[in-house]
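*Asks:* Take this sequence and fold it.
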Amino acid sequence: MSEIAPRELICLADDEGNSVTVNLLGRDTRWSAGLDAEIVVRTPFVSGRIDLVLSASKLEDWSHALNRLGAGEDGTWMEMSRGPSVFIQLIGERDCPEVVVEDESGSMVTVRVPVVPPDDWIADHRQRLRRVLDHWAPMLSA
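*Replies:* Okay, the predicted model is just below:
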């Protein structure tokens, strides 16, 4: 296990100042099988953040979403769970990839962020997930 805990699980950003990140904040104090995290949306127009708790199964679901994205399909993460959902459309409304963050169960707000990530972003996110799992999975299954 590495000494320094990985901080970013997801970082989808472009040169226009648009980004959606999922930051890991540490182990959840109320639930030993959870990680405190946040989704942060930043654009020149709107910015916001929302807290969430990640479990081992949610991290596994992110792996499945990356597999779909790698196969050329749109990806969905945390849909139909309590809390926010993340949808990644490879070709969005503006003919570029878009990340849609929806908080239907809480604030009832949906934010659509166009981003043009680098070509290797899926491989990069698989590596990010691997580092997160290598560090946190033993503690989350305890």
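*Asks:* Run through the protein and note the low-pLDDT ranges.
*Replies:* In the prediction, the chain carries residues with pLDDT under 70 at positions 1-3, 141-142.
*Asks:* which residues of it fall in helices?
*Replies:* Assignment of helices within the chain using DSSP state H yields the ranges 56-70, 121-140.
*Asks:* Now tabulate those helices in TSV and tack on mean neighbour count and distance to Cys96.
*Replies:* Yep, even glycine has a C-beta here, placed from its N, CA and C like the rest. Shown next, in TSV, are these (neighbours: other C-beta atoms under 10 Å; distance: least, C-beta to C-beta, whole Å):
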stretch	mean neighbour count	distance to Cys96
helix 56-70	17	14
helix 121-140	16	13
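*Asks:* Determine which of these approaches Ser105 most closely.
*Replies:* Ser105 lies closest to helix 56-70 among the helices of the chain, at 15.0 Å (C-beta to C-beta).
*Asks:* other SSEs contacting the closest one?
*Replies:* With contacts taken as 3 or more C-beta pairs under 8 Å, 6 or more residues apart in numbering; DSSP states H and E, helix 56-70 sits against strand 8-13, strand 75-77, helix 121-140.
*Asks:* Quickly note the distance from Arg131 to Ala5.
*Replies:* Using C-beta to C-beta, to the nearest Å, Arg131 is found at 9 Å from Ala5.
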